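Trainee: fold the following and give me the result.
(4 chains)
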Number of protein chains: 4
Amino acid sequence: MTAKEYLKSVEDVKPRVCIHGELAEDLYKHPLLQPSLNSMMLTYSVSHNPKWQTTSKLLAGEPISLWTHPYFKKEDMIRKVDLERMLGRMTGSCFQRCVGMDIISAMWATTYDVDQAKGTHYHERFQEWLKEAQAKDWAIAGAMTDVKGDRSKRPSQQPDPDMFVHVVDKNDNGIIVRGAKAHITGAALMHELFVIPTQTMIQGEQNYAVAFAVPNNAPGIIHFLGRVPSDTRRLEDTLMDTGNIDYGAGSHETLIIFDDVFVPWERVFLCGETDFSVHAVWRFASYHRENGCKAGVFDTLIGAAALLAEYNGVNNKSHIQDKISDMLIETEAIYACSIASAVLGSQHPSGICLSNPIYTSCMKNLGSKWVYDMINRAHDISGGILVTMPSEKDLRHPDMGKYVDKYLKGVAHVDTEDRMKIIRYLENLTMGPMQVEICVGAGPSQAERAVMRHIMPLEEYKDYVRKLAKIKNPKDK
Amino acid sequence: MTAKEYLKSVEDVKPRVCIHGELAEDLYKHPLLQPSLNSMMLTYSVSHNPKWQTTSKLLAGEPISLWTHPYFKKEDMIRKVDLERMLGRMTGSCFQRCVGMDIISAMWATTYDVDQAKGTHYHERFQEWLKEAQAKDWAIAGAMTDVKGDRSKRPSQQPDPDMFVHVVDKNDNGIIVRGAKAHITGAALMHELFVIPTQTMIQGEQNYAVAFAVPNNAPGIIHFLGRVPSDTRRLEDTLMDTGNIDYGAGSHETLIIFDDVFVPWERVFLCGETDFSVHAVWRFASYHRENGCKAGVFDTLIGAAALLAEYNGVNNKSHIQDKISDMLIETEAIYACSIASAVLGSQHPSGICLSNPIYTSCMKNLGSKWVYDMINRAHDISGGILVTMPSEKDLRHPDMGKYVDKYLKGVAHVDTEDRMKIIRYLENLTMGPMQVEICVGAGPSQAERAVMRHIMPLEEYKDYVRKLAKIKNPKDK
Amino acid sequence: MTAKEYLKSVEDVKPRVCIHGELAEDLYKHPLLQPSLNSMMLTYSVSHNPKWQTTSKLLAGEPISLWTHPYFKKEDMIRKVDLERMLGRMTGSCFQRCVGMDIISAMWATTYDVDQAKGTHYHERFQEWLKEAQAKDWAIAGAMTDVKGDRSKRPSQQPDPDMFVHVVDKNDNGIIVRGAKAHITGAALMHELFVIPTQTMIQGEQNYAVAFAVPNNAPGIIHFLGRVPSDTRRLEDTLMDTGNIDYGAGSHETLIIFDDVFVPWERVFLCGETDFSVHAVWRFASYHRENGCKAGVFDTLIGAAALLAEYNGVNNKSHIQDKISDMLIETEAIYACSIASAVLGSQHPSGICLSNPIYTSCMKNLGSKWVYDMINRAHDISGGILVTMPSEKDLRHPDMGKYVDKYLKGVAHVDTEDRMKIIRYLENLTMGPMQVEICVGAGPSQAERAVMRHIMPLEEYKDYVRKLAKIKNPKDK
Amino acid sequence: MTAKEYLKSVEDVKPRVCIHGELAEDLYKHPLLQPSLNSMMLTYSVSHNPKWQTTSKLLAGEPISLWTHPYFKKEDMIRKVDLERMLGRMTGSCFQRCVGMDIISAMWATTYDVDQAKGTHYHERFQEWLKEAQAKDWAIAGAMTDVKGDRSKRPSQQPDPDMFVHVVDKNDNGIIVRGAKAHITGAALMHELFVIPTQTMIQGEQNYAVAFAVPNNAPGIIHFLGRVPSDTRRLEDTLMDTGNIDYGAGSHETLIIFDDVFVPWERVFLCGETDFSVHAVWRFASYHRENGCKAGVFDTLIGAAALLAEYNGVNNKSHIQDKISDMLIETEAIYACSIASAVLGSQHPSGICLSNPIYTSCMKNLGSKWVYDMINRAHDISGGILVTMPSEKDLRHPDMGKYVDKYLKGVAHVDTEDRMKIIRYLENLTMGPMQVEICVGAGPSQAERAVMRHIMPLEEYKDYVRKLAKIKNPKDK
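Mentor: From the prediction side, this is the model:
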C-alpha cells in the first residue's frame, strides 16, 4: 500500500479510543495522533523502495513489504535492523511497526512447535491469517504486556482475575477474552491487534495461555491514549515548541481494554498450552530487543548535540568532542549487538531464523543504562537553555520578539530561530518518553540479567578454570 | 514577613513578564506561576520557625530570616544546607530563594576585597543595600549567567557587544546597563534583582565588570518565562496530571532583558574592577554548588520509587532494594560534600565564611552525573507506565473511568488513584527540568574539573611520590 | 614510645609467624616484613608531633598518642582521619594502626552498653586494659573477620564448629578460645591482639559472642603471613623493582590461628551476650569505613600518574587533565564523607563519639568502586610500560644497561632511572593488594547497601511524596 | 608444524634475550618463559584441528594454519575471533600469535596500495616473504610500538633521533635500521620479527616510514624481558602460587633493541613512503582491536568468580548473581563488536578483507574500561583472601599445614586445596598484567575516541536533525 492507501483503509477501522477523557470522534485527524500517523505513513512510503521489499512465500512470490515478512534468513534480520535504524534517523522517534513485525516471526515458530508437540493446527491457521495480513498489507499492533496488578502474585493468584488477559468463555465458533494490555505501541492506528501472553504460564493457568488476532474495531475493544511529557504542545497554535514537528518525540501507546471480546477459532493461535507461553514471550522479546531504532534515534541525538555545540561556538572544545565520541561509541556498540544477534542467530525447524538472545540481551541491558548517559552528555553540552527558553510565541511577538531574537543568538552565521529549533528538538527528545521506552521497553534491565544467567554455559566456564588451576572436575572424581 | 505579607508586598512590584507570547496582566494569579508562588510563600512561612531565624548585625540584632543573612559562621552554611534539604523534601522542587542568598555572601566578601585593594566604597554601599533588604525581607533574584552569544569569543569580542551585561553610559547619578541574563531562577516573583558578572573579565572589559541591584520593576527590565516540559498541564482543568500539584516539578526561570536600565550609584557594587569579577563568580559558584536542595529533592525521588515499588508489589525484590540503596548512597554522598564544604570552609577577612570549593566542586560534578543514574534506576523500577498512563480525565470519565480504575490497580490495599498519583509524580519529576537544573545549574561538569585542577596541590602530590619512589626532587638538584 | 623503643619492646614479643612455609626465626629482620615494620615505626615517630598527641583521662592527663585514644569528641575523629591521610601520603600504603585504634572506641561503647543492660563489669575491665595499653603505648591488632567456612551457614551450623572463634572451655581464671581470624592487618608486628566477633550472633551462639585481648605471643597463637602480588621482589638483591622501597604497596596481613588459647577473665570483654555482638561489629565497621588512609594513598596515585604524564610529555593533553581531575574529585568526595561521618556523628552515653554510619557506608561503597576507576585512569595514562618494563638489573647491567637507559628515556630533563622508578611505583601500587584492601576491607559493597537500607528513614521519604502527590497517608485513613 | 617441531625449529633461532640482568643461556628452558612457551606450543597444536586450518593461495592450495593466513574473507576474521576466544579459554592468558597474524593482513593491503600509488614492488616482495612464512609455519612477532621518548614531539623532533625505529643507512643490498620497539608480545620465542611504523609520518620523516621483516637472531637485535607482577613466583620450587601453572596470567613481552640491524631489500616492505605509514598502523590497529582473546580470558574470570562463590557457599545470593550477569553481558557485548567488525568489514582491492574500525574501536574502548569493572566485581565476590592467603608451602608444611587446611575450608564438599587454587587463579589473573594489556594494548581509550570522531558521519547526523527540526541546510541556502 502507499501511505495514502494506508490512511484510506485504516479510516474504515475506527477503533474506540479515549483521549484525555473523550472518545475521539475524528480519530485520524486528532492532533495528538498526527505525529504517529505521519510515522505510520512513512513506514508505508519507504516500503516501496525495492531495498525494503521482499516476496511472500505464502502469496506465491508476490512482492510484499518487510513489515509482514517473517525472518526466514539472517539477512532478513539484518535488513530489519537497518530499516529500523534508517527510520529512527528519519523520524527521531518510534515509528511503531516493529512490534507487529517481531510478533509474526515469534508466532510462526511457536505455533509450529505447539503443533509438533500437541498435534494442534495453529501453524496452518496462523499462516492463513498471515497470508491475509500480507495481502492486505495490514498494520499490526503487537500486544504482549498485561497490566499485571499485584506483581508479587501469579496471574491465577490475583484478587482480580482479569489482570492478565484470559479466556472467559469458549464455544464452537471461538473464544471470549477479557483483560487489558498496557503500553501498546501505535495501537490506535493499526488495522489489527495481535495478542500474546506476557510471561510463562503454569499448570492451572490454561486460560491465560492465549494468543490471537482481532480487528482493531472488534466489539469490546477500547483504547486509552497514554500521556507523555509535553503532549499538549501539539494543541498549541504554533508547533515549533514540539521540537519534532512531524513525528514528535515518540509514538503513541495505548492501554487496550478487552471487555469480553469474541475471537473466532481461526484467529486463535494458542489456547491453553501453558508450556508454550514462554516460547512466544522469549522469542518475541529477543527479536524486539534487537531493534535498530534505538541506534537511529541516538544518531539524531548525537547530531543535535553536535549541532548545538556548533551553534554555541564550542564544537572544538576537547571535552565536548570526547562526549560526542563516547555517544558514538555507545550507539555503535548497541548496533553491533543487533548485528551479532542476527548473524549468530539460529535456524528453527519451522523455517524461521531466531535472533540470538545473548546479544539481544546485551543490547537491551546496556542500552537501558546508556540512554541516560547519552542524555546526560547531551544536557551537559547544551546547558540550561533546554529548560529556560521562551516559547515560539515570544519569538513571534510583534514587539517583544526582537529581544528574544537578539539575545538568544549563538554564533554569527546561524539564525536565532535555528538555534531555538535545535534546542527544542533536544528538549523534546531528552525529556520526553524516549528514555523510558528505551530503558524498560522490551523488558527492564533485570530481565536480561536473568536471561544471561539462564543461557550462558557457566558450568563450562568453570571447567575451563578448573583445568587451568589444576582442580579435578567433580564429575571425574 | 509572613507568606501573605510577601504576596501583598510583591504584588506592588509587577515586573513586565512575557509568558508564552503575552505580557502577563494579572501576574501573581497566572496559573503557570502558581507553583513558584507557592514555593516562594513557603520559604516565607518556614522563616518564622525559630530554627531558621537569626539576627541581623546590620539591624542592631533584630531577628531576620536566613534568606538575607550572610554566612558569618560555618554553622550558618550548615543551617542553610539543612534548610534547603528540608524545603527540597517539602516541595520536591526548586524553591528559588538560594541564589539571592548565596550572592549576598559572595558580594559581602568581594566588595570588601575591592575596597581594600582599590580604596573604593562598595562594601559600605552594599551593607546599606543589604540593611534595607533585611529590613524589608526582600525576595532577591541572583542574576549571573549572561546569554553569551558565540562561546568561542570573549565578551569584548562578540559581534553584538550586548551579549554580556555591560555599562553603556554613566553619569553623576548612576549607570545605564544593557544586556540580558539567562536562566534566572524565580525572577518574576522577586522584589529585587541582583546582578553580577558571569566570568573572569580582563583588561579592556571594564564595562563588563559590573555588579548591581535593581528593583524588579525598574524601567527597561523585561522577563521572558522559560518553558519546561509539560508546563501547560497546569492550564488543564484538573491538576493531578501535573504530578506535584502545589509546587510543580521545578521553579520558573526567566530570561531577563536589561534594555538600558538605570542604576543609581548607591546600588552599584562593582564597576570596572575587572580583576574582581572572578572573585564574585567563584565565591558565588562555590556557595551555590553546595546547596542542599538536590539531596532533598532526591529524597522525594527515592520515596516515590520506593512507594511505587510497594504499590506494584515488588518492594521485596533484591534488585529493587539494591537500586534504592544505591540511590540513598549517592544522595548522602552529595550531602556529605555539602557538609564538608561548610566545615572545611575558610574565614574571610570581611567576616564572611567561604565554602570550600574543593567539596562544592565534587558535589556538583558528581551530582551532575548521578542525577541521571538516579532517574535511570527510578525508571527501571517504575516501568513503562510512566509514559503510557491515561489522563486524570480518563479516570474521571463517567462511563470509561471504571476501566482505568479496574486495570491500573496494583496491590489490593492501594487505590488506583493513589498509584496513578505517584506515577504522575515520578513522570513529572524525572522528565521535567530537574535533571537539567542539577546537571548544569551552577556550572557544567567540566567547570568543576577545571576548578579542581586549579585548586588541588598537584605538585605537592608529586613530591609525596618522589619521596616514596626515591626520586630526587628537581628543586633539590 | 619512639620508633626505636617500639622496635625494642616488640622484639620481646616474638609471636610464632609462618612465612612461606617456615616459622620465622629472626622475625623483625625478615625482609618480607621490613616495609610493614617501617610503617609501624613511622606511626610511632609521628606520634611525637604535638599535632598528633593528646592526653589520657585514664592516666590522669598524661600525654599519649592518638593510637590508643578513644574518640571522645568529633574533633578526635577528624584528627584521626587527617593523621591517616597524612600517613597514607607518607607511606603510599596501609600503615596498620587504625584497626586497633577503631576497635578501642567501638569496645568502649559496647562494654558500657552490655554493663548497663546486663549488670556485667566489662567496661571497667576494658578501661583497666586500655590504661595499660596507653601506658605501654602498645601496638594493637584488631581481629574481627572469621574464616567463616560455608558462608550459607550460621556459625553454629558449620560442619566444623571452629570456623568462627569461640569459647571451648571456661574456668575460674578465664576462658579457652579456638578458631581463626583472617586478614588481620599488621598482626605479626603487634604487641597485642584484640578480638571481637565478626557478625550478629543469635540465641544458641553464646560461645561465639566473645571479645578479648591477648598478648601476641600467648601460647596457641600462630600467624600465617598472607601473600601479596610481587611480594618476593623484596627478596631480590636490588629493591627498585618493589616500587615503594621503604613501605611496600601494602601492609602485611596474617591468618591467625587460635589453637586453644587461654584468656584470663580480666581480658575478656564480651562472653555470651549475643545481643551485643552486632554493636561491636557495626560500630567498629563504621569507624573503620571512615578512615582517611584511602584518600592519602589515592593522593600518591594521582601524583604518580601526573608525574609520569609529565615525564612522558603528555601532561598538557586535555584528556589526561580530565582524567586527573576526575581522580581528584573522587578522592575528595571520599574524604568529604569521612568528614561528614565525624561531624554528623553522635555522642554515646559512655562518653564516646560514634561516627555516622550513613556517611561511612557511602564512603566505603563508593570507594570500593572508585578504586578501580582510578586504577583504570592511571593505567590509561601510563600505558603498557607498566607491565613490560625490564628489571632494575637490566638497567644496571654493565654492557646492556646502556640500551635500557637510552631507550626508556622520556622528556629530556628527566633521568631514565627516575622515569623507571615512577613506573615501578605505579605498577606496584595498582597491581598489588591495595585495590582489594579498599574494595572489600571493612566489608564488601553489598554490606553497605544493607546498612543504608536499614538506617535510612525510607518511610519518612514516602510520607514526603504522599504529601506532595496528595495521597492520604494510610496511617491517617 | 606440530608443537614439538615448533620447539625444535625455534631452538635454532636463539635470539639474545636479557632476563633480569642476564643474557639467557638456555633460553627455551628458562622458567620465566615456560608459560609463554606452553602457549606457543598450544597454538601449534590446535592448528592441526581441521577447524582451524585453511589452504594457501601462495602455496598452490597447500594446507596451512590460520596464523599465517591473510583474512581474505569475512569468515576468515570470524574464524580468527573464535580461535582466539577458544585459546583465551584454554590458556586464561595471552597466547601471543595474533599480532603477527594481524600484521600480515594489514601489510598485504598496504604494500598493495603503495605499489598502486608509487609504482613500487613491495607487494610482490611481501608475498614472497609470506610464502616462506607459510611454508615454514613461522611464529612471527609483530613490532609496532616505538619507545617514543618525549610524547609531545614528533619522531623527527626528538632530541635523540633513535626514539623511533628508522633507517640510518642504505646500500644496494639493503637498509640498516636503528631504534627500539616496546611491549612486543611473545617476541623472545618467535622465528621472525615483523616491524611496522607506530604512527602517521609526515614529510621529512621518510626514514621513519619503514616496515620490514628480520629473523629474530639477526645481528644487532637484543631483547629485554619485561617484568610483570609476581613474575618470580615461577622460580619458586612449587607452582601453585602462580595461579595459572601452565600458561601464567599473561604472555611475555620484550623491549627489542635494533642496534644497527641490516635488512636486505627483499625483506623491506615500506621505506620512505610517509603517506602510507598510517595505513599500516590503522589497519593493524583495527584488526588487533577486534581480537577474541579478551572474551575468552573474561570467560575464565567469570568461571573463576562463579566457582569461588560456589566454594564459599554464596552462589545463590542475588547480588552475586547480578554481578556475574553483568560480567557475562560485558563479555558478550565485546564479542558482539568483534563479530560486527568482521561482518561489516570491507573488501580491499588487494583481495584482503578489512575489519570495520567503527566496531573494533567500540570494542577496544569499552573493553579498556570494562576490564576494571569486571575485576572490581570479581574482587567484590571473592573478598580479602585474594591478598591475604598463605602460600602453598604453608599448606604443605608437615606441622603447620593442617591449620591452613582446616581453616581455609569453604563448603563441605570442596577440598581446601581446590579453594586455594581458585583463589590463586583469581589473584594472578586480576592483579597481573592482564588489565593493562586490555586497557592499553592496541591503543589507549583516547585513541578510539579519535578514530570514531574521524570516521563517523557527524555531518550526516546533523542533516537528519536539521530535517526533523525544519532547519534549512546551510548548503541549500
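Trainee: show me where the stretch 51-200 of chain A has strands.
Mentor: Ranges of strands within the stretch 51-200 of chain A are A:53-56, A:62-65, A:140-143, A:166-170, A:174-185, A:192-195, based on DSSP state E, counting those that start in this stretch.
Trainee: redo those as CSV? Include mean pLDDT.
Mentor: Below are these laid out as CSV (pLDDT from 0 to 100):
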stretch, mean pLDDT
strand A:53-56, 94
strand A:62-65, 95
strand A:140-143, 98
strand A:166-170, 98
strand A:174-185, 98
strand A:192-195, 98
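Trainee: and the residue of the stretch 301-450 of chain A nearest chain C?
Mentor: Of all residues in the stretch 301-450 of chain A, A:Ser318 sits closest to chain C, at 3.8 Å by C-beta to the nearest C-beta. All C-beta spots, glycine's among them, are computed from the backbone N, C-alpha and C.
Trainee: tell me the SS of the residue in the stretch 101-250 of chain A that chain C sits nearest to?
Mentor: Proximity of the stretch 101-250 of chain A to chain C (C-beta to the nearest C-beta) peaks at A:Arg227, 15.8 Å away. Put simply, A:Arg227 is coil when judged by DSSP: H, G, I helix; E, B strand; the rest coil.
Trainee: what residue ranges in the stretch 101-250 of chain A score low on pLDDT?
Mentor: Scanning the stretch 101-250 of chain A for pLDDT under 70 picks out no residues.
Trainee: before we move on, back to that, excluding covalently adjacent residues, which one is nearest to the residue of the stretch 101-250 of chain A closest to chain C?
Mentor: Nearest non-adjacent residue to A:Arg227, counting by C-beta to C-beta, 6 or more residues apart in numbering or on different chains: B:Ser391, 5.3 Å away.
Trainee: wait, the one you found sits on A:Gly21?
Mentor: Yes. Contact criterion C-beta atoms under 8 Å: B:Ser391 and A:Gly21 qualify, at 6.2 Å.
Trainee: which one's more surrounded, the two?
Mentor: Just comparing B:Ser391 and A:Gly21: by other C-beta atoms under 10 Å in any protein chain shown the higher neighbour count belongs to B:Ser391, 27 against 20.
Trainee: which phi and psi does the more buried one have?
Mentor: phi -80, psi 170 (degrees, to the nearest 10).
Trainee: tell me the SS of the nearest residue in space to A:Gln116 that is not next to it in sequence?
Mentor: Nearest residue to A:Gln116, sequence neighbours excluded (C-beta to C-beta, 6+ apart): A:Pro349, at 7.7 Å. Per three-state DSSP, the local secondary structure of A:Pro349 is coil.
Trainee: A:Pro349: neighbour count?
Mentor: Residue neighbour count, defined by other C-beta under 10 Å, stands at 9 for A:Pro349.
Trainee: make sure A:Glu310 is actually in contact with A:Asp418.
Mentor: No. Under the criterion of C-beta under 8 Å, A:Glu310 makes no contact with A:Asp418, lying 10.7 Å away.
Trainee: if we can go back for a sec, was I right to think the residue of the stretch 101-250 of chain A closest to chain C contacts B:Met240?
Mentor: No. The pair A:Arg227 and B:Met240 does not pass the contact test of C-beta under 8 Å, sitting 10.8 Å apart.
Trainee: residue numbers of chain A in contact with chain C?
Mentor: Counting by C-beta under 8 Å from any C-beta of the partner chain, chain A comes close to chain C at A:318-319, A:322.
Trainee: those: which ones sit near chain D?
Mentor: Applying C-beta under 8 Å from any C-beta to the residues of chain A next to chain C, one finds that A:Asp322 fall near chain D.
Trainee: as TSV, the residues of chain A next to chain C with pLDDT, neighbour count and secondary structure would be great.
Mentor: Shown next, in TSV, are those (pLDDT from 0 to 100; neighbours: other C-beta atoms under 10 Å in any protein chain shown; DSSP: H, G, I helix; E, B strand; the rest coil):
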residue	pLDDT	neighbour count	secondary structure
A:Ser318	97	15	helix
A:His319	97	19	helix
A:Asp322	98	20	helix
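Trainee: partners of A:Ala143 in the sheet?
Mentor: Beta-bridge pairing of A:Ala143 under DSSP bridges involves A:Val195.
Trainee: run a quick neighbour tally on it.
Mentor: Neighbour count of A:Ala143, defined by other C-beta under 10 Å: 30.
Trainee: pretty sure it contacts A:Phe258?
Mentor: No. Contact status for A:Ala143 versus A:Phe258: not in contact, 9.0 Å apart, counting by C-beta under 8 Å.
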